[in-house]
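Visitor: Need coordinates for the following:
(chains A and B)
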Amino acid sequence: MKWVKVIVSFILTLSFLSFPSCAFQSDELLVDDEEFGLEGAPQHRSPEPIPTRSPPVTSPTRKRHSDLDSDSKIQFSLDHAFGDSDFSPAGTFSARLKTWSHGGQFCQTLTKLRFSRNSFSDVEKEKFKNLLESDDFYRIRLPSNVLSPPGRDFIISSVKARCLPRESLDEHFVIHMEGVNVLAVNYGSPGSCPYPRNLKLPAKWSFSSHTVLKNSEQAPRAPVFTEEILGGENAEGEVVQPAERSFWAKYWMYLIPLGLIVMNAITQAMNMPEEQATGQVPAQGQPSAGAVQRGPSSAVRRR
Amino acid sequence: MAIRSFFLFILFFSSSLSPVFSLYEDQVGLMDWHQQYIGKVKQAVFSSQRAGRKRVVVSTEENVIASLDLRHGEIFWRHLLGADDVIDGIDIGLGKYVITLSSGGSILRSWNLPDGQMVWESSLQGPKHSKSFLLVPTNLKFDKDNVLVVFSNGRLHAISCIDGEVLWKKDFEAESFEVQQVIQPPGSDLIYVVGFAASYQFEMYQINAKNGELLKHESASFSSGFSGEVSLVSTETVVALDSTGSILLTISFQDGKISSQQTPISNLVEESLGPAVIIPSSVSGIFAIKTDAVTVFIRVIGEGKLEVVEKTTHEIAVSDALSISEDQEAFALIQHASSEIHLTVKLAHDWDGNLLKESVKMDRQRGLVHKVFINNYIRTDRSYGFRVLIVMEDHSLLLLQQGEIVWSREDGLASIIDVTTSELPVERNGVSVAKVEHNLFEWLKGHMLKLKGTLMLASPEDMAAIQSMRLKSSEKSKMTRDHNGFRKLLIVLTRAGKLFALHTGDGRIVWSHLLRSLHKSEACQSPIGLNLYQWQVPHHHAMDENPSVLVVSRCGPSSDAPGVLSFVDTYTGKELSSLSLDHAVVQVIPLPYTDSTEQRLHLLINADKHAHLYPKTSEALSIFKREFLNIYWYSVEDQNGIIKGHALKCKCTGEVADEFCFDTRDLWSVVFPSESEKIVATVTRKLNEVVHTQAKVVADQDVMYKYISRNLLFVATVAPKGSGEIGSVTPEESWLVAYLIDTVTGRILHRVTHHGLQGPVHAVFSENWVVYHYFNLRAHRYEMSVIEIYDQSRADNKDVWKLVLGKHNLTSPISLFSRPEVITKSQSYFFTHSLKAIAVTSTAKGITSKQLLLGTIGDQVLALDKRFLDPRRTVNPTQAEKEEGIIPLTDSLPIIPQSYVTHALRVEGLRGIITVPAKLESTTLVFAHGVDLFFTQLAPSRTYDSLTEDFSYALLLITIVALVAAIFVTWRLSERKELQEKWR
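Guide: Residues are numbered from 1 along each chain as shown, chains lettered A, B, ... in the order given. Now for the predicted structure:
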């Protein structure tokens, strides 16, 4: 009798401690989490209906570990609605609930998310066709807390039905989590949905679902610089920096005129031998080539 | 190549070093104006000093204490106490100290009357919350020191007037005791504290003013109970109303004995009046009660006998008593009569004789008189003259003397709720000149004066005339539209329900209109103005149609009170029409569609989530039907932490057939976990913002495409624990999460958690970036972060050949139902100031670079270049990045003293900053409002598209002339030379 009490109280404390989710998670585990989410993401389901469970299913079967870190399986349902109709069960998410202690606090996150989609019944197919024809919304919803569905409110998301059909019905879930709370779900087609949405019936009435679990990213801390860099960042520092420019950048204003002069001198030097080669040596010591040509012609006209 | 890049580098460098905004001392006031206000006056005390300038000290609902010049209404000095430091009472002590009691009676301060310097401050604690009273007895002395008597927080204090030291205190700890009056009869050393206990017992405490000793405590119970306030009719008699509001209780406590008398109101007034309230006043021997319809003045004669002296159905306002001689008290009474108000000053004991009776014409747009304060002076013929200070319904303050309005202050402008702008009328031929110069003679005279001025012959009066003429005819204050779009009308809605049009040129009030729909009426008891929207902005019919604005208001403080719409012409200020709605207005969505008369379609969402379309015309309906499926909106439930997206469903069902009412449905929802997140800020882009280019060329000839969507929402949440004051939590239990949410599909595009941060969060969203400001608990500093979001789906449109051959997706329509491929970049920086407001400049075409406008805690507006908040900043930018203009990364944002937009001025009590694009691309108009108003023009990248004011046209002209002359001279010279050559 006594040990039963002990176990009950232990379970109670365990469940009590594990409920408040805390926001801080270490980086290491986050990476781990992302990885699991992605790993479990692309799942192509067979068209056979998977045995349906009653919609708000939560059966956390906790294993006990000595260090209080524990894994347990958890399930929560996906509901859907066609246009403005009521929501009905459409599939089940299953995941592992990881619990660990972090600095005296207990954190819980979901990992290894898997999704099983119920295939459409004939009635639902008909409804969906109607949606496609009227270009209406296909809506889904999830509980906002996976441990105690539906939590405070349901998370609703919707997409124009015409965005889903390709070969089969392609859908893409991005579930934003905060501990055991679902914040939002981005639902839509995995690719683009170009604007003039054309009516297209899917070839196969089955869903190919992709699910991604996302947790919040950590923002990098604002950089704190040391004094030297601080000193170098003010206006004066920026003026000093140009000193490190290349030789060309520093002295181009001297180099260009110099180059021009040199080029000029070279052409002159080139011309001189040319003139000498032609053999037209004027009688006067000519200062420039232009005067050389002009001189004789005017002299000719004057005569 | 290298030369070119070096040039570019030099260019960028020089532009980054030059102060972004600064002006010379003599340029102050050329483009900007600053107006100082104080808010609605709560209490006024006239300085009784014989010598020196006459002044009045006022306290206002904006928590301002100010000393005003009684001759002109100018502010001598002014102090704005904090938002939670509400002023309870003011008075003048010793003739030279202004004493203020604030913060629910817990802070007592003394200010020097001539210059407003604080002399002392003392904090008064007490056992429990109570009403607070401040008394400055004139003849109560305590060791040559004047004593202040303060009752606050259930404790009576006597405080030295000189240094604020508490001389003695006495607690009134009785649990149910509610103080009603604290009386200090002049000439005695007694203080009476009277009040109610347990709502049916009258309590009187007699206290020795010298030491706080309790001399007597009497109580008497009244089975009928009490309601409302008590009125003091003499130093030892009060009048109260019983709980039904129909019986008057006259309670006197002469010599510590309580005696009372009950008089049913019906005995005094024949017709039944319904429940009455006592108008608080302190005129001895007379009090007033007010019912829905009438106001009755009742005189107390001797032993509790009451007599009706006047009954009036007019709106009425009474001042407190003013003692004019040993035993005479006067008070002022103001009655409304159509377009006039009648001021009468009477002696307290002589109702029928008037000391003064005047009629003053009053602008109807000022509404009713709310408060009257009376002051006397000695006329030139040695008789008593009276002047009154009146506070009107529109919160304006006026001084009346000798039947005239001596001065008036538009203090309603201290509490602006919303601002919008309107263009001015288009200039028509032959209109502008005739309006400025009335006739030929004046025109000639003006020119003569100007000539005199230039020849230095003008006398000082002439100079003044020239100056005023220049101001009048100067371009900036004309009443017509200008080429650059600098002249506009600022339409502001104030808390009093008055609409003002301010000219951007000089800040003058073009028109003002007290909205009829915001007037108290039977249908609408306490109307509250909510928002302003541009209803009609004519472009095609700009010559013959006036723009109009929509004022949305509601009847009462709760969000499900019915709404009221009114439409006001912005040129004339006439209220075109008003609509009393049968539904509440929770959200107003201006739609991006206009009908043929250019009225904008608006969707009003009510409390039951029905959407109502306005204007209710068939044309609007047909336009709306076309876009029916493309209308999405969102709603934020701050308290629940839920954001929902909505779309339209169908016509309203169930109700009376209303074509303009539509049902809505929820498309998506985001539920923030209540135990870890609380919404503190939501920001979207401005609806009218223009983005010039989607592409952003980065350093290495690469292109990034901005993710530009009008449907992005920035949400900041903090830990519920951390939503209190800064420092109330440890960094470990406080965090801030920033989200970017698409409001059509509800997708979270970006989500990032900052640990150890705390609000308040101020954010601004523009183009593809959002900047937010918060407090970092770990670094003990304020910080600002930027998030930029880029579109990756268009990122591969970099190949020139693709663009040439048209194989790009840049022109294809974007659907938000596609899976977004976005990347975000972000960075954080320290920032010195805490903020009151944040805004971003906006220009006509969006080409000019942006500046952030930060309303700092010092009530100034600081312009900060957006380039400082660029997530691509690195510590050592490469050469290419430097060319692009990327500033090396620093851990904190620089505050350049020259970049204060408000230069040396302060916009006291800054609440909001509004930017409006001018027509000139480089320029943006900035309007900052709080208790003060400030307006200026800004050019974030300098005025690159127009010549500056100091451009020397003369030099340009001289250069041209010189060049032409030189051409002629050289031409002639060369001709002559050629001729000589030919003749050689």
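Visitor: Right, and chain A sits closest to which residue of the stretch 351-500 of chain B?
Guide: B:D418 (31.6 Å; CB to the nearest CB). In this view, the C-beta of every residue, glycine as well, is placed from N, C-alpha and C.
Visitor: elements contacting the helix or strand harbouring that residue?
Guide: According to DSSP states H and E, B:D418 maps onto strand B:416-423. Applying 3 or more CB pairs under 8 Å, 6 or more residues apart in numbering or on different chains; DSSP states H and E, we find strand B:416-423 packed against strand B:488-494, strand B:527-536, strand B:912-917, strand B:924-929.
Visitor: what sits up against it?
Guide: Strand B:416-423 has contacts (CB atoms under 8 Å, 6 or more residues apart in numbering or on different chains) with B:481, B:485, B:488-495, B:501, B:529-534, B:537, B:542, B:547, B:549, B:570-571, B:911-912, B:914, B:916, B:925, B:927, B:929, B:933.
Visitor: B:L455 - how many residues pack around it?
Guide: Residues lying near B:L455 (other CB atoms under 10 Å in any protein chain shown) number 8.
Visitor: One more: B:T313?
Guide: Applying other CB under 10 Å, we find 8 residues neighbouring B:T313.
Visitor: Would you mind confirming that it makes contact with B:T291?
Guide: No. In terms of CB atoms under 8 Å, B:T313 does not count as a neighbour of B:T291; the distance is 10.4 Å.
Visitor: What parts of the stretch 751-900 of chain B come near chain A?
Guide: Counting by CB under 8 Å from any CB of the partner chain, the residues of the stretch 751-900 of chain B close to chain A are B:751-755, B:776, B:778-779, B:783, B:785, B:793, B:812-815, B:817-819, B:826, B:828-830, B:875, B:888-891, B:894.
Visitor: can you list the weak-confidence ranges in chain A?
Guide: A:1-70, A:102-105, A:222-245, A:273-303 (pLDDT under 70).
Visitor: for it, longest strand please?
Guide: Looking across chain A with DSSP state E, the single longest strand is strand A:88-102.
Visitor: Tell me the strands beside it, with direction?
Guide: Under the criterion DSSP bridges, strand A:88-102 sits next to strand A:70-82 (antiparallel), strand A:105-117 (antiparallel) in its sheet.
Visitor: what would these look like in JSON lines with mean neighbour count?
Guide: Listed next are those as JSON lines, based on neighbours: other CB atoms under 10 Å in any protein chain shown:
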{"stretch": "strand A:70-82", "mean neighbour count": "20"}
{"stretch": "strand A:105-117", "mean neighbour count": "20"}
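Visitor: got CSV for the ones you listed, with distance to A:W205 too?
Guide: Formatted as CSV, the strands paired with strand A:88-102 follow (distance: least, CB to CB, whole Å):
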stretch, distance to A:W205
strand A:70-82, 14
strand A:105-117, 12
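Visitor: Could you chop chain B up by domain?
Guide: Taking the TED database as the domain assignment, the ranges for chain B are B:172-274, B:676-804+B:817-831, B:834-948, B:952-983.
Visitor: can you tell me which of these the model trusts least?
Guide: Least confident of the domains of chain B, judged by mean pLDDT, is domain B:172-274 with a mean of 81.
Visitor: Between the two ends of that one, what distance do you get?
Guide: Terminal residues of domain B:172-274 lie 35 Å apart, using CA to CA, to the nearest Å.
Visitor: quick one: stretch B:497-508 to chain centroid distance?
Guide: 13 Å (CA atoms, centre = their mean, to the nearest Å).
Visitor: which parts of it are buried?
Guide: For stretch B:497-508, the neighbour count (16 or more other CB atoms under 10 Å in any protein chain shown) marks B:497-505, B:507 as buried.
Visitor: so can I have CSV of those showing secondary structure, pLDDT and distance to chain A?
Guide: Output for the buried residues of stretch B:497-508, formatted as CSV (DSSP: H, G, I helix; E, B strand; the rest coil; pLDDT from 0 to 100; distance: CB to the nearest CB, whole Å):
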residue, secondary structure, pLDDT, distance to chain A
B:G497, coil, 88, 38
B:K498, strand, 91, 42
B:L499, strand, 92, 40
B:F500, strand, 93, 43
B:A501, strand, 93, 42
B:L502, strand, 93, 38
B:H503, strand, 91, 39
B:T504, coil, 91, 34
B:G505, coil, 87, 36
B:G507, coil, 88, 35
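Visitor: Check these and tell me the two furthest apart.
Guide: For the buried residues of stretch B:497-508, the farthest-apart pair by CB to CB is B:G497 and B:G505; their separation is 26.4 Å.
Visitor: Show residues contacting stretch B:680-690.
Guide: B:590, B:592, B:636, B:643, B:710, B:712-718, B:723, B:743, B:759-767, B:770, B:772, B:842-846, B:917.
Visitor: ok, now with 7 Å
Guide: Outside of stretch B:680-690, the residues within contact range by CB atoms under 7 Å, 6 or more residues apart in numbering or on different chains are B:590, B:636, B:710, B:712-718, B:723, B:759-761, B:763-766, B:770, B:842, B:844-846.
Visitor: filter the residues you listed to the buried ones?
Guide: B:636, B:712-718, B:723, B:759-761, B:763-766, B:770, B:842, B:844, B:846.
Visitor: what sits against A:S216?
Guide: Going by CB under 7 Å, 6+ apart, the list of residues near A:S216 reads A:178, B:737, B:751-753.
Visitor: out of these, which are inside helices?
Guide: Using DSSP state H, no member of the contacts of A:S216 falls within helices.
Visitor: Just the buried residues out of those, in ChimeraX syntax.
Guide: Burial among the contacts of A:S216 is assessed by 16+ other CB under 10 Å; the matching ChimeraX selection reads:
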select /A:178 /B:737,751,752,753
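Visitor: with the contacts of A:S216 in mind, which one is nearest to B:D145?
Guide: For the contacts of A:S216, the nearest to B:D145 is B:V737 (57.8 Å; CB to CB).
Visitor: is the closest one in a bridge, and if so with what?
Guide: Beta-bridge partners, per DSSP bridges, of B:V737: B:T717, B:T753.
Visitor: So B:F151 belongs to a helix, correct?
Guide: No. Counting by DSSP: H, G, I helix; E, B strand; the rest coil, one finds B:F151 to be strand, located in no helix.
Visitor: For it, give me its contacts.
Guide: B:132-133, B:179, B:182, B:193.
Visitor: could you pick out which of those are near chain A?
Guide: Checked against chain A using CB under 7 Å from any CB of the partner chain, those yield no neighbours at all.
Visitor: On the three-state scheme, A:W252 is what?
Guide: Of the three states, A:W252 takes helix under three-state DSSP.
Visitor: how deep is it tucked in, by neighbour count?
Guide: Neighbours of A:W252 using other CB under 10 Å come to 15.
Visitor: Any chance you could list what contacts the helix or strand where A:F128 lies?
Guide: Per DSSP H and E, A:F128 falls inside helix A:122-134. Contacts to helix A:122-134, defined as CB under 7 Å, 6+ apart, come from residues A:82-83, A:120, A:138, A:161-162, A:199, A:201, A:205.
Visitor: That concludes my questions; thank you for your assistance.
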